[in-house]
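Engineer: Starting from these lines, generate the structure:
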Amino acid sequence: MAWAALILWVVTALGGFYLLVTWLRHGGMQQADRPGRRIKPPLILGHFALAATGLVLWIIYVASDSDALAWIAFVLLLVVALLGFTMLAAWLAQRGGAAAAETADAAERNFPQAVVGLHGVLAATTLVLVFLATIGVGD
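Structural biologist: Numbering: from 1, shown residues only. Below you'll find the predicted structure:
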């Protein structure tokens with residue numbers, strides 16, 4: 001189970017990295033002070049940093065079988081998921097209504113819907129697999 005979680009986490013991270021690069025290429029860092037509900041730099045960079053830290057801890061856990069590391073990685077992944085849901089809410093708000101006009105130039109408007117959806121599904125599945133491995137299912 002731990003290996004399946006690791007593989008899925010890496011695939012999820014690749015999708016997330018693609019979204020981060022897309023956001024950076026379209027001026028996400030420069031749009032922090034513009035009006036409207038946007039994905040702000042601390043949010044997306046914090047999401048990335050915590051996800052990467054959790055992934056490194058999970059790799060060490062798989063190599064060492066340290067229960068403490070597994071739980072720390074899981075808790076980090078929970079925080080990452082909350083940050084991800086916050087970004088998803090902002091991204092979805094830009095899709096319609098008055099918020100759409102205010103954020104027409106938002107960097108995240110360039111995210112492919114399929115990548116956002118797949119990243120979210122893979123992330124949720126990763127969270128479940130990490131939890132199951134952490135509590136010892138599949139040992």
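Engineer: pLDDT below threshold where in the chain?
Structural biologist: The model of the chain has pLDDT under 70 over residues 97-99, 101.
Engineer: what about the residue nearest to the spatial centre of it, distance to residue 60?
Structural biologist: Taking CA atoms, centre = their mean, the centroid of the chain lies closest to residue 84, which sits 5.0 Å from it. Residue 84 sits at a distance of 23 Å from residue 60 (criterion: CB to CB, to the nearest Å). C-beta coordinates here come from the backbone N, C-alpha and C atoms, glycine included.
Engineer: For the longest helix anywhere in the chain, name the packing helices and strands.
Structural biologist: Longest helix of the chain, by residue count under DSSP state H: helix 67-93. Helix 67-93 sits against helix 41-64, helix 113-134, with contacts defined as 3 or more CB pairs under 8 Å, 6 or more residues apart in numbering; DSSP states H and E.
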